[in-house]
Each structure stands twice: as C-alpha cells, then as structure tokens.
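Q: Task: produce atomic coordinates for the following.
(2 chains)
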Amino acid sequence: MNSPNLHASDWLALDRALGLKPDEVLTVLSRRELRSRGGAPGVVADRWRRCRASGHDYPVVVVSGVDGLEESAAGRWLLTHDPQSVVEGLLIGAYAVGARRCFLAVEDDCELDSVEGLLAGLEGGGGPVERLARAGVVLDLVVRRLPRSFILREPGALLAALEGRQALPDVRYCDPLVQGWEGRPTVLETVETLAAVAAVFWQEPGETAGWAGNGRSTSAPLESRLLTVVDEGRSSVVKSVAFGTSLAEAVRQTIGNTPHELGVKVMQLGGPCGPFLADQQFDIPLTSDLVERTAGVIGAASLRLFPGKVCGVQLAKDAMARLHAEACGKCAACYEGTRQLLAILSDLAEGTASADELELALVLCRHLQGAALCDLGRSAPVPLLSCRELFAEDFASHLEWGVCALEERA
Amino acid sequence: MTACGGAGLENPLTLTIDGRVVEARPDAVVLEAGLEAGIYIPHLCDHPDLPPAGVCRLCVVEIEGHEGLTPSCTTPVRAGMVVRTRSDEILAARRLAMELLLAAHPPECGSCEKYLNCELQSLKQYLGVEESRVKRRAKLLPVDSRNPLFVHDPNKCVLCGRCLRACWDLRGVRVLGLVKQQAQASGGIQYEKPATPNVLAEVSVAPIKQNRLVLSLADAGCRFCGACVEVCPTGAMQDKFGVLTGAERKAAIVPCKIKCPAEIDVPRYVRFVARGDLASALAVIREKVPFPLTLGHVCDRPCESACRRGELNQAIAIRELKRVAAILGAEGGCRGDLAPRNESGKRVAVVGAGPAGLTAAFYLRLQGHQVTVFEALPEPGGMLRYGIPAYRLPREVLAQEIAALLAGGVFLKTNSRVESVTELLTCGYDGVVVAVGAHRGQRLRIPGATAVGVFTGVDFLRQVNSAATVPIADSVVVIGGGNVALDCARSARRLGASRVTVACLECRNDMPAAPEEIEEGEAEGVVLLPSLTPTRIQVDSGRVTAVEFVGVASFCFDDAGQAQVETVRDSARAVTAGTVIFATGQLPEWPEEFGLEVSDRGLAVVDPHTLATCREGVFVAGDAVTGTSSVIQAIASGKRAAAALDRHLGGNGRLDRRLAPVVEPEPCLGPGEGFHALPRLDQDLDEHSGASEASRCLQCDLRLKIKTVALWGEY
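A: Numbers count the residues shown, from 1 in each chain, chains lettered A, B, ... in the order given. I've put the predicted structure just below:
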C-alpha cells in the first residue's frame, strides 16, 4: 500500500483538538458520549479524566492494534485502511491526558507501511509533532511489534509485554489508569476507539461521515463498530457496521448473505470467549459494548459462522480446547480449570461422562468466573454455558445415551 | 510489601477480621493484616518478599460489601472493613482451588525430598484435600538437573509463580518464564510453540531470553542467586545439596563463610571489593582476624574450595581479593579503632609467637590485659617466619603485620624459651596461652633415617629461613606430599640442587599440597613421584646415597595416625639422593617438666571447645593442639583460646568488633548476560580487576535475607 500523500491540512482533527485546551478536548468527547470500542468499556472521556486526575507528570498512552486472532482483523484492517485516524486519535489522546510517552502496539505481521509513512511525516516541519510541541507536549512515540497472541488482548498482558516482560496478565495492572506501564497512569485504548476520537474532531458538527477504505468520507464511525465475520473455510471480512443493526443484517452487510441464506444456524459472537447464538438470537442489535458485555474485555467484535448441523457438545468441546490452548498458565483456576472442563467435555463427547462430572463442570465454571485472574478465564465458561442452554438436547443425549442427538436425528 | 512488627504501627487503621477488631498498617493488604494479627489465612502464591500475584486463590475471604470471594493478598485494607476468613463457601472455594493446583502434582509426598518441609503439603493438610474430584494426571516433563547447583522438577510445580517474581521483581535477573512445553512419548521435549496449539501441552517454568525459551539457565543469563529455590513452596526447585534445615542449611547456602575457621564474612567483604570500597572490605576482614595481608598471601582458603561459584565454573579468587583489600584498603590507615577499651589489671603470658600465639596476644590485649609473648626463636612469626619460605610470604609483609599487632601494647620477648608453665604462673601471670606450635619434624622409621644428609622438613626450612648456609647435595629427595614437602623441594631448588624429587604415598590427584604449589614446583623443575613409599635410605660411608621405594597400591591411616600401606609387588626402585628431607608431619616439642598433659601422639590434651587444660588459667592453641595445620586454623584457635582465657579472667570473651559500615545489600542484581562464564581473575589484581573478580560472586548470602513463610501450625 502506498503511503498516503499528506498535506498539513490533513491533520484536521488534531489541529482542531490542539485549538482547544486539554480539558475542552475531554468536554467535546463527553458531549458526544464517545464510548470505547474494545478493551475496557465505558465513556472514553471519563477514563481519560481519571488518568489526568492522577496528577502524575508522565501519563502514558497505549494504543492497541493487537487482534490476537487470525480471524479477527479489525486492528490490522484499520491500521492499513485508515492509519491517519489512529495516529491522530493517539496524538489527541496524548494531548488530552498530558502524556509524554505513547506506544502503538501492533502484531508482528501487521502491514505497517502506511503507518510508518505517517510516522515519518510526523516529525517534519509543520508536522504534528511540531504542532504538539507548540502546544507544550513533547512526545516520545514508540511502535512496538509483538508476536500474535490471544492473551495480548488482555490489558495487563499487553502492558507487561510493553515493559519487556512476558505477556501475562498481572494484578499490578488491575487499574492501568492509576498504575499502568512502569507504574505510571496509563490510558489503554484500541485503535478503533482512537480512530473514533479522531472522527469526533474531524467531523464538522452535525456531520455523520466515517471511514471506508483509504478515504475519510463514508459511514459513521461514531455510531458503528468494525465487525469481523468469519465464515468457515473463507477468509475473514471486516466491515464497519452501524449500531442498532441486527447481527443477521450485519452478516449480510459484511459478506453479502444473511446467515439464513448461508444455512447458518449457530454463530459465536465475540471471539473464543464469546457466547454461541442460535438463529432466534440473530436479531440482537449491535451496540458499542455488546461484545464486552458477553465476552469480557478480551472479547473481539467478530461473528463466527457455523453452517449446517452442529452438535452442541462438540462445539463446546472445540471452544474449550481453543481456550485451553490459549490459557497462559499464570493462574491455576484458568489453566487447570479449562483443562478439566475440556476433559469432561471430551468424555461427554465420547459418551462416557457421568452426571457427577457434568455437575463438576458447572462448579468449575462458577469457580472460573470468580477466581480466574483475567477475562480469558472469567469468560471461558461462556461458550460452554451458552451451548448447554442452546443445545440442552445434545447434552442430555450425550449424557444419557452416550451418543449424539444429531446422529439420532440423522 | 514492607516488613512490619505488630507493635508501634504508624497511623494504623482498624478493621474487623472474623469478629476481631485488628490494627493494620495503612499500606497493608488484608492477608498481611490477618497474618500480623495472628489470624491464619491459607496462602500459597503470596510471599512476604514478593509482589502479590493473586493466582492461587487459597487466600480468598468474604468482605462485606464485596460480591463473591476476594483474594486477600491483593486487596488493600480499608478502615472499617469487615472481613470473614471462614465460611462454608470460602472453604469450598479454597478446596476446589487446591484440587486444581494438585491436579497435575504427584500425589505421593513421601518420596519427595521436601516431605515435611513443604508449604504445599502443609496447605493440603490444612484444607483437608485428600480426595480429589478433578481428574489427576502426571505432566511427564523431564527433570532439569543440567546445571550444577539446582534441580528443577516441573512435574512438582503448581505454577504459583513465586520463582518468576523472585527472578524478575526481587532480583531483576529476568530469566525464568512460563513456557508451554509439549511432553513427548520419548520423554524428550519439543520447545517451540506448536503451530496448532496442542491441548496436551503443559505449561512450566523454564529459562527464557527475550521471551524465547533457551536451553539452559546459563544461556538465559542466570546469576544463580538461588532466590527461585528459596521461594519455591514445594519441591519443584531444589538445591542439588537437598533439603537442609537450620545451621546445616546456612552452611550449605553460604559455605565460604562457614568453612572459614575464623568465620570471616566473605560475601560481605567481597561485596565491598565489588563496590570499590576496599577500606571497608579490609575492615570486614579485620573484624575477625589480625593478619589480613599474610592470609592474603598464604591462606589455604577453605572458602574457595567451598565456593558455589566453583561448581559453576571457577571459584571466586577470595584470597587474592583479600590481598587487594589488605594492600589498597590500608592506604591512608585502617578503618576502625582496635585499641583496648579499658585495662583489666590482669597479666597474661603467651608462649610462642606464631600465628596462634600472636592472635591470642592481640585479642587478649584488646580485652585490656597486659600481655607478654615469649618466643624461643630470635624472631617472632613461628611457622610464618621459620616454616613458610620467603618466596611465598615476603618477610616485609610479615614484619609489618607483626609490628602493627605488637604496636597495640603487647610485650614480646624473643630468644626466651619457656621451660615450665608452672614457672609462669608463679611469676604472677593470671593466665597463659600456650601456642608452641609443632616444630619437631617426624622421620619415618626406616633404615638410614638418621644418617648424615637426612633432614626433617621443619629443620631444613628453619635453617633456610634463618639465612644459614644449608649443606645440600645436588640431588634431593623430599618424602611427603603436603605443602611442607613442596616448600622444602622448591627451597632446595632455590639453594641450587639440580635434581629435586618429591615422593609421596598419595596419587597425584590426592596430594594434600595446594594444586598451585604443585604446579609451580613442577614448573621450577621439581619431579613428582607419587604413590611410592620409602623402604630404606641407602648409606655409604655415613652419607646418604639413595632412597629405596616400593609402589603403593593403596593406603590408609590407622587410629594412631600411622600409615597402613598396601604395596605393589616387584615395584622396588631407588632414587639417587645426596640429601633426604622428611616432610612427613610435625609434632609439638614439649620441654620436660612443662607441666601440661600430653596425649600419646604428643599433642596437648584440652577441652575441645574452650581449649582449656587441666591447669586452671592455662589454655593451648594452634598446632600444639591439632598437629600441623593451616595459618587460618591457627588464628582461629588462638582467638578461641583468647576468648576462653578472657572469660576466665572475668571478661566477656567477645572479641569481635564492628569495624566496617553496615550496608544492607541490594537485593536486585539485574540481568546476568554471560555471567555464568565470566573467567576467574587472580593474577596481579588491582582495584578495578579486583572489583571485576568480586562481581563474579553469586552473592549466595542474599538468599538468607529472604523471609520464610510461616505455616499454619505456627499460628
């Protein structure tokens, strides 16, 4: 991809923000009630105010372009399709909270030509860095490439990785706004949130344009979320989907067909930690925090389609296997809990599980929800519990008859 | 976390735990508040020296106003907080957490080295988790015992993460990490993360570098400080020496200090050298011994033989560092006042001005007694002067240190042989330390042993060191394999003998002489003939002509100290010799009527602890008690006798004084890239190379600063 050819006027959002005092920047964001897309949920301005209120001399801004999954590509998509909004949002954030240091965390295979072109342009005369400096902000911006890993979606693990530690969740980062990177107050946002921040300042008041492709002229980022749709056997597709759109319609907008047309009866929302949804749930509307409400901060704005007939037990087992493979091992609740759940689900799939074992599985699920160190473990029971609800018949059949109801039906 | 006693808290706040109102530091967490108030809350991943982790979930409690259970190790106290540490729900959650921890832990404790010294075992009993609902499995990961100091058994690891935090947060070395390993049927291990995550992989602690697994701790940049072993609550990380307790444990962890007969705080002065503070390093040495520079030249350094770094690559050059500290640290005067604090009005006599006698005299003077040292020979120093050749211990060094020692007010009478202790006591001395040494060389009882041209080592060296002309033949045979034998041989070479042979019972590798003495001797042309025993000295017209030997298959010493030798048949040989020197041991030379009880072997009979004799107020120190031994042993022995005599005279017997500043060592060591392979520097050290050498120290003593976790039985 060619570097976007930029003119001074292209930094419109940043210029507008720099024309305001940092507090006024926060006021603008509050007025628009901009909520975060991915990561810690909530109103962006509220979090940034907390960081500012720490009074620390050197708050840090961390921007996560980490997707953590092959299938969820929103971060990569945005960094290649609209890097400028990301960088502008980042600089506005740094200005608003008074940060001296920023990290842009990306995955090591992320196409960064355009970002690097942009960053090279930052330093030039009249460039954003100079404009920031005139506004009194001397900024150190570091792009950090990290190997793809699901756990990096966890804020603590990402901060640890940026400190040169192993990417593992850590209680030391339980409130990054107070104690984050190297103990400093840290604002941690996804690239998508920051692009939305830029859009707030880039749009004329009342204007509702947003992104599409390499331009700055289409659908409304403020009222939408980048959704990845994963269809078995096909590559993932990323699309900006407006809030309020039903999930079935979101799929149609993204890949051209509704789940019904594709013969899809089951979807998994929110990545490996998210719930399975049956077709009667496909009309749930997309909201800014739908994913995080169901799958936790580690959730991804993705829909995975499962066409044809599927066995609920097999689905739950595969989901658990995936989660156990991603479990970092730092806390026994998650690492050992997912392993035990996987063993029980494997027995159930084989038809050798007892009712006691299934009972233990539910006890383990409750334990995980309360005792796991991070949202990977706390949300790990979500796929299983949703399957058990949706496919009660499959579970009963595997437990009582040792065979799948699907086979019975066939 | 910060350590804090129960009393005298600054601005404590109060909270309620299990219905009891307790005080806590404002920066404490609930777990600390409970434990400090004597309320036991089970915990595994938490450790008082490490940042909290909140991963084991054994310490969960109920806090009023909080939903569900909260880990007490990560929850700060708040005023008015109401905490419950016991309920059915809490117990159920703790038991399930424990079952998960134990799912892959070997079920049998009995065969583990840590049995009864294991926090995990104790917690298992506390929580009553014997039956397990969860599926148990064996991890089947290979045990890593490739490094010489530690054994890592990942199968016993419960992933509490203490070792990781010790390595990263406490020490800053950053070499341990969590790694997913694929256990394979062959028992081998595949280290890369599998392309498709395999659910049967196991997470374990392993050495990493830049977040990638490496083959060994050394490669990762480990400093072998042992903090990981120290904090491991179970048997996953252990010392190669096994599980020890109490004094044995201390001795095994910091062997250099314990192996020093004078208990010099080796890690402390090595640390000062590393910091470039040589004056303080010298002060640490002088807290324990009066001859730092002499020891820096001739100590037989039991510390270095025990040094744990030696197991890694090469021991720290502790003696050379002592020499550097003694020379450069003394520039501008020694730190610390070593003068009597008050006069006791007692008079004591010390018999013999060797290292033991002079040490005893020095400390007795420090305790305020009037000390007179009687020396039979013309110069003070004993074996330092008349045994050890000048090429090993320059005479100026010795003279300077003895002069400094005597300057404290000790009277020395040379050429004064004491014939009787009784006489001294009747002369008005209130106490006597006898340190006459072992100056009577032993000859083997073989034909020709008393012929002209046959010396004992001690006589030979005394003549050499007295600068007398020693009649010596061109070919010399020294019998014996210790340092004295090498001293004799090398001195003989220096006197002009062209063919000097050292013959000893031991095989080459078992020779008791210091290896560098042997090497340097060989370099000077001394020929070694190990595994031989002399049978006869050939004498022609009253003069020695040769020594006959037979080969030794094996030998041992019987209870009387006599060698029992098994010889090799038909191995007789003769070595031409004009001079023969017996370096086969020395015994004290007791004047008749000396007045002390002497054993069959000719050694003084004393109380092994106080060195007291049957005569009141008379103590014996040094070689006269032990037979030929080392300088540092003699010094330690002289000190012990001085302490005992001081107590006998009404003093407190406490001879050590604090001379060096008390500096709390920095627990953070930082990364140790290439640390394991740093070569020993022991040639011509100066301040900088000395600091480099000292920086190789593993600082084993830092481990003793790590707190131990109290088990529930102690609450």
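Q: can we go C-alpha only for contacts and neighbour counts from here?
A: OK.
Q: Any regions of the chain where pLDDT drops low?
A: Chain wasn't specified; assuming chain A. Across chain A, residues meeting the criterion (pLDDT under 70) sit at A:1-9, A:124-126, A:204-221, A:407-410.
Q: Actually, chain B is the one I wanted.
A: In chain B, residues with pLDDT under 70: B:1-9, B:182-199, B:335-337.
Q: Spell out which parts of it neighbour chain A.
A: B:52-57, B:68-69, B:74, B:93, B:97, B:100-101, B:103, B:133-135, B:158-161, B:177-178, B:197-199, B:203-204, B:210-211 (CA under 8 Å from any CA of the partner chain).
Q: Just the element for whatever residue of the stretch 51-200 of chain B ends up closest to chain A, please.
A: Proximity of the stretch 51-200 of chain B to chain A (CA to the nearest CA) peaks at B:Val55, 4.7 Å away. Counting by DSSP states H and E, no helix or strand carries B:Val55.
Q: biggest strand in chain B by residues?
A: The longest strand of chain B (DSSP state E) is strand B:543-557.
Q: I'd like to know which elements that one is packed against.
A: strand B:532-540, strand B:563-567, strand B:573-576, strand B:579-582 (3 or more CA pairs under 8 Å, 6 or more residues apart in numbering or on different chains; DSSP states H and E).
Q: try 6 Å this time
A: Helices and strands touching strand B:543-557, by 3 or more CA pairs under 6 Å, 6 or more residues apart in numbering or on different chains; DSSP states H and E, are strand B:532-540, strand B:563-567, strand B:573-576.
Q: Residues contacting that strand, please?
A: B:452-453, B:531-539, B:563-568, B:571-578 (CA atoms under 6 Å, 6 or more residues apart in numbering or on different chains).
Q: Tell me how far the residue in chain A that chain B sits nearest to lies from B:Val158.
A: In chain A, no residue comes nearer to chain B than A:Cys331, which is 4.7 Å away by CA to the nearest CA. Distance of A:Cys331 to B:Val158, given as CA to CA, to the nearest Å: 9 Å.
Q: and the closest residue to A:Leu139 other than its chain neighbours, how many residues sit next to it?
A: Once flanking residues are discounted, A:Leu139 sits nearest to A:Arg100: 4.7 Å by CA to CA, 6 or more residues apart in numbering or on different chains. Other residues within reach of A:Arg100, judged by other CA atoms under 10 Å in any protein chain shown, total 17.
Q: swap in B:Asp558?
A: Other residues close to B:Asp558 by other CA under 10 Å number 9.
Q: What distance do you get for it to B:Pro534?
A: B:Asp558 is 18 Å from B:Pro534, by CA to CA.
Q: do you know which of the helices and strands packed on strand B:543-557 lies nearest B:Pro12?
A: strand B:563-567 (71.1 Å; CA to CA).
Q: CA atoms only for that closest one, dumped as CSV, please.
A: Output in CSV follows, covering the C-alpha atoms of strand B:563-567 (Å, rounded to 0.1, in the frame of the first residue of the first chain):
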residue,chain,number,x,y,z
ALA,B,563,50.1,-45.2,57.6
GLN,B,564,49.0,-48.7,56.7
VAL,B,565,50.3,-49.3,53.2
GLU,B,566,49.5,-52.0,50.7
THR,B,567,52.4,-52.2,48.3
